[in-house]
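Novice: how would this look folded up:
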Amino acid sequence: MKIEELLERARNWDKLAIAKLITMAEEGVEPQLDVRRRSHVIGITGPPGSGKSTLIYTMARKIPQDKRVAILTIDPSSPFTGGSFMGNRIRMQELTSKPNIYIRSMATRGIRGGLNYATVAAINILEYAGADYIFLETVGAGQSDTDVKYVADTILVLVPPLSGDEIQALKSGLMEIGDIYVVSKSDNPASESTYRDLMAMVDMVREIKGETGRPTVLKVSGLYGYGVDELLKVIDDRFGELMKNGRLDNTLRSRRTLEMRLYAYDLLEKSLNEAKDLESKVINGELSPRDAARRLLNYYDKPRLDHVAVAIKNIDEAARKFRELGLRVSDPIVVEEQGVKVVMVMLSNTKIELLEPLGPETTVAKFIEKRGEGIHHIAIEVDDINKFINIAKNAGLTITGEPSRGAEGIVTFIHPKSLHGILLELVQHAR
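Specialist: Numbers count the residues shown, from 1 in each chain. This next block holds a predicted model:
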């Protein structure tokens with residue numbers, strides 16, 4: 001299915017199309033979206049066991065069915081396998097059958113233990129798809145509590161019934177980021193004293209920060225539904241104020257900045273995991289730690305090899321064989337402009353692009369007819385494709401046409417007759 005069709009189906013709240021787009025983002029192939037603020041992104045955080053999933057479940061059930069609701073639950077990744085427990089998805093399984101509700105569990109996966117860049121991309125996709133509410137449940141510990149303030153319009157901090165000393169022990173950062181504070185599990189008799197202690201704590205933090213307004217503090221039971229209607233009203237009223245004051249775009253700007261930083265962290269983590277040869281040289285004293293670190297960062301200098309493209313007759317069969325080799329293979333993407341179906345095979349530092357022609361008159365079909373299956377072209381990634389085109393033209397090279405949308409961004413080609421028989425693709429990835 002081509003990207004344009006996926007995007008169109010996602011705009012109609014096709015949950016399968018949304019899922020495929022988010023999977024593409026997780027694989028590093030994020031579509032370029034014109035995101036316009038329309039969704040209320042609600043971050044929900046709090047210590048483990050504070051009832052975050054239960055509260056989201058209850059709120060989602062109470063929201064009218066003509067509203068589109070998305071729920072992203074962030075589960076901690078195993079430091080040994082990289083896998084997530086995905087336990088929250090099981091607790092909310094009942095909601096998945098409702099046509100207006102989309103649920104996705106996402107692993108942290110990062111070295112920082114916070115949000116992953118794919119989670120931020122998922123928020124962009126869901127807003128593009130027209131979600132009215134996007135609930136983002138954090139791990140409730142570590143960096144995610146800090147990250148959420150850059151992507152959420154409203155942050156709910158859940159505090160379960162605790163003693164005064166336990167409230168004092170809560171992280172100061174957790175008590176500073178909230179817009180709405182919720183004493184969860186208010187069916188517990190101890191919730192009343194927790195409510196009083198939390199009010200005092202919020203007032204103290206407000207005085208220290210020199211703020212005049214007081215965040216809302218509510219008592220809610222997600223299990224029995226007490227106070228949930230009032231909480232939803234407070235959430236909706238706040239969204240109306242944010243829209244009226246034009247503050248939603250502020251979150252979009254900080255969201256984009258965070259996504260860039262998270263993607264950089266992800267690239268760095270992959271480099272560190274793959275730098276066994278550099279580690280050995282550092283351990284053996286052949287290379288200083290600082291020089292090794294510089295080599296890692298220099299890998300991302302551009303231009304650099306982006307992928308090697310191979311023309312084939314049966315992309316499904318080829319993809320299956322690469323999967324049997326244990327390699328990560330993307331879902332097929334149709335690129336009508338170039339007349340091909342594309343699958344990416346992910347390697348440690350580059351990719352193999354599999355190309356299957358869509359018809360007998362396409363360029364790739366004629367290539368296979370004349371030369372057989374094999375390497376079709378080499379692609380390099382550039383920062384500014386138009387600038388690089390000018391450099392190529394000044395060097396006497398021939399550009400085959402105007403830049404156009406490809407599988408991973410904006411692309412054009414240098415004609416092989418002007419480059420010793422090499423068809424060279426220039427790729428500027430979507431930003």
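Novice: Now do the helices in the stretch 51-200 of the chain.
Specialist: With helices called from DSSP state H, counting those that start in this stretch, the stretch 51-200 of the chain shows them at 52-62, 87-91, 117-128, 144-147, 164-169, 172-176, 191-209.
Novice: Go through these and find the least confident stretch.
Specialist: If you rank the helices of the stretch 51-200 of the chain by mean pLDDT, helix 87-91 sits at the bottom with a mean of 55.
Novice: and the longest helix along the chain, how far out from the chain's middle?
Specialist: Longest helix in the chain, counting residues (DSSP state H): helix 248-274. Distance of helix 248-274 from its chain centroid, counting by C-alpha atoms, centre = their mean, to the nearest Å, is 9 Å.
Novice: What is the very next helix or strand once past it packed up against?
Specialist: Under the assignment DSSP states H and E, the closest C-terminal helix or strand after helix 248-274 is helix 276-283. The contact analysis (3 or more C-beta pairs under 8 Å, 6 or more residues apart in numbering; DSSP states H and E) places helix 276-283 against helix 289-298. (C-beta placed from N, C-alpha, C; glycine too.)
Novice: can you pull the buried residues of stretch 331-343?
Specialist: The neighbour-count criterion (16 or more other C-beta atoms under 10 Å) identifies 332-335, 338-343 as the buried residues of stretch 331-343.
Novice: Give the rounded mean pLDDT of it.
Specialist: Stretch 331-343 comes out at a mean pLDDT of 90.
Novice: Send me it as CSV with only the CA atoms.
Specialist: This file holds the C-alpha atoms of stretch 331-343, laid out as CSV (Å, rounded to 0.1, in the frame of the first residue of the first chain):
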residue,chain,number,x,y,z
ASP,A,331,6.6,-3.5,5.2
PRO,A,332,6.2,-2.8,1.5
ILE,A,333,5.6,0.8,0.3
VAL,A,334,4.3,1.7,-3.1
VAL,A,335,5.9,4.8,-4.7
GLU,A,336,3.8,5.6,-7.7
GLU,A,337,6.0,8.5,-8.9
GLN,A,338,8.9,6.0,-9.5
GLY,A,339,6.7,3.0,-10.5
VAL,A,340,8.0,0.7,-7.8
LYS,A,341,7.1,-1.2,-4.7
VAL,A,342,9.8,-0.8,-2.1
VAL,A,343,11.0,-2.8,0.9
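Novice: how far is it from where the chain is centred?
Specialist: Worked out by C-alpha atoms, centre = their mean, stretch 331-343 lies 23 Å from the chain centre.
Novice: residues making contact with it?
Specialist: 1-5, 20, 23-24, 29, 315-316, 318-319, 329-330, 353-359, 361-365, 404-407 (C-beta atoms under 8 Å, 6 or more residues apart in numbering).
Novice: which of the residues you listed are buried?
Specialist: Buried residues within the contacts of stretch 331-343, counting neighbours by 16+ other C-beta under 10 Å: 2-3, 20, 24, 29, 315, 318-319, 329-330, 353-358, 362-365, 405-407.
Novice: Show me what Lys341 is bridged to.
Specialist: Here Lys341 sits in beta bridges with Val334, Glu356, as judged by DSSP bridges.
Novice: Could you chop the chain up by domain?
Specialist: 3-255, 302-429 (automatic domain parsing).
Novice: The stretch 301-431 of the chain: strands as residue ranges?
Specialist: Along the stretch 301-431 of the chain, counting by DSSP state E, counting those that start in this stretch, strands occupy 304-311, 328-329, 333-335, 340-346, 351-357, 374-381, 404-405, 409-414, 424-429.
Novice: Which of those has the lowest mean pLDDT?
Specialist: strand 404-405 (a mean of 82).
Novice: From the chain's centroid, how far away is that one?
Specialist: 23 Å.
Novice: Tell me which strands it pairs with, and in which orientation.
Specialist: Partners of strand 404-405 in its sheet, by DSSP bridges: strand 409-414 (antiparallel).
Novice: Now do the partner strand against strand 304-311, angle only.
Specialist: Orientation check (axes from the mean of the first three to the mean of the last three C-alpha atoms, to 10 degrees): strand 409-414 against strand 304-311 gives 80 degrees.
Novice: and for strand 409-414, what are the contacting residues?
Specialist: Taking C-beta under 8 Å, 6+ apart as the rule, strand 409-414 contacts 32, 377, 379, 385, 389, 392, 397-405, 422-430.
Novice: make it 6 Å
Specialist: Contacts of strand 409-414 from elsewhere in the structure, counted by C-beta atoms under 6 Å, 6 or more residues apart in numbering, are 385, 392, 397, 399-400, 403, 424-430.
Novice: who wins for most neighbours among these?
Specialist: Leu426 (24 neighbours; other C-beta atoms under 10 Å).
Novice: isn't that residue right up against Val382?
Specialist: Yes - contact status for Leu426 versus Val382: in contact at 5.4 Å, counting by C-beta atoms under 6 Å.
Novice: Quick check: neighbours shared by those two?
Specialist: When contacts are counted by C-beta under 6 Å, 6+ apart, Leu426 and Val382 are jointly contacted by Phe388.
Novice: name the helices or strands packed onto the longest helix of the chain?
Specialist: helix 117-128 (3 or more C-beta pairs under 6 Å, 6 or more residues apart in numbering; DSSP states H and E).
Novice: ok and the helix it packs on relative to helix 248-274, angle-wise?
Specialist: Going by the same axes, to 10 degrees, helix 117-128 makes 150 degrees with helix 248-274.
Novice: could I have helix 117-128 exported to PDB, CA atoms only?
Specialist: The C-alpha coordinates for helix 117-128 follow below in PDB (Å, rounded to 0.1, in the frame of the first residue of the first chain):
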ATOM      1  CA  TYR A 117      11.400   9.300  19.200                       C
ATOM      2  CA  ALA A 118       8.900   6.900  17.700                       C
ATOM      3  CA  THR A 119       6.400   7.800  20.400                       C
ATOM      4  CA  VAL A 120       6.600  11.500  19.500                       C
ATOM      5  CA  ALA A 121       6.200  10.500  15.800                       C
ATOM      6  CA  ALA A 122       3.100   8.500  16.800                       C
ATOM      7  CA  ILE A 123       1.600  11.600  18.400                       C
ATOM      8  CA  ASN A 124       2.200  13.500  15.200                       C
ATOM      9  CA  ILE A 125       0.500  10.700  13.200                       C
ATOM     10  CA  LEU A 126      -2.500  10.500  15.500                       C
ATOM     11  CA  GLU A 127      -3.000  14.200  15.400                       C
ATOM     12  CA  TYR A 128      -2.700  14.100  11.700                       C
END
